[in-house]
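Asks: let me see the structure of the following:
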Amino acid sequence: MKKIAVVTGLVAMLALALPARPASAWHHHHRHHHHGHGGYFVGGFGAGVLLGTLAVPAYAAPAPVYVYPQPVCRDLYTEGYWRQAPVYGDGGAVVTYRSVWVPASAQRICQ
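Replies: Numbers count the residues shown, from 1 in each chain. This is a model prediction of the structure:
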């Protein structure tokens, strides 16, 4: 639709640029060649303005860039605790348990 409007406007500018002279003026064109040059200037200027609006814009926005989110990190602390560890005796036939201290630990988890 925009192209049709542009072409129509361009044709209208060119039609206005042509001077309208009576037949007698065409006959004496060799003596009065300065008539009608203003119309060519106005028409050329109008066509230039019309075609200049169709030019590619000087600034084009950059393509969107995806930025990955920063990882979320957390520190996991476990306190020390006692646990029961098996003690095998008599060739593995007898099982007894003793208390063993498990020290505190820290671990960083990032997602």
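
Asks: residue 44: which element?
Replies: In the assignment (DSSP states H and E), residue 44 maps to helix 37-52.

Asks: who's in contact with the residue lying closest to residue 81 once chain neighbours are set aside?
Replies: Excluding its sequence neighbours, the residue lying closest to residue 81 (Cβ to Cβ, 6 or more residues apart in numbering) is residue 102, at 5.4 Å. In this view, the C-beta of every residue, glycine as well, is placed from N, C-alpha and C. By Cβ atoms under 8 Å, 6 or more residues apart in numbering, residue 102 lies in contact with 80, 81, 82, 83.

Asks: correct me, but the third one touches residue 97?
Replies: Yep, that's residue 82 we're talking about. No: taking Cβ atoms under 8 Å as the definition, residue 82 is not a contact partner of residue 97, at 11.3 Å.

Asks: what residues are shared contacts of those two?
Replies: With Cβ under 8 Å, 6+ apart, residue 82 and residue 97 have no common neighbours.

Asks: which residue ranges form the helices in the protein?
Replies: Along the chain, the segments classed as helices by DSSP state H run 2-17, 23-27, 37-52.

Asks: measure stretch 92-106 end to end?
Replies: 35 Å (Cα to Cα, to the nearest Å).

Asks: burial of residue 12, as a residue count?
Replies: 14 (other Cβ atoms under 10 Å).

Asks: likewise residue 62?
Replies: 5.

Asks: kindly report the same for residue 89.
Replies: 9.

Asks: again with residue 87
Replies: Neighbour number of residue 87 under other Cβ under 10 Å is 11.

Asks: and residue 78, by the same measure?
Replies: Neighbours of residue 78 (other Cβ under 10 Å): 11.

Asks: that one and residue 67, how far apart?
Replies: 35 Å (Cβ to Cβ, to the nearest Å).

Asks: same question, residue 85
Replies: From residue 85 to residue 67 the distance is 50 Å (Cβ to Cβ).

Asks: which residue packs closest to residue 74, ignoring adjacent ones?
Replies: residue 109 (5.7 Å).

Asks: lowest-confidence stretch among the helices of the chain?
Replies: Here these differ in mean pLDDT, and the lowest is helix 23-27 at a mean of 57.
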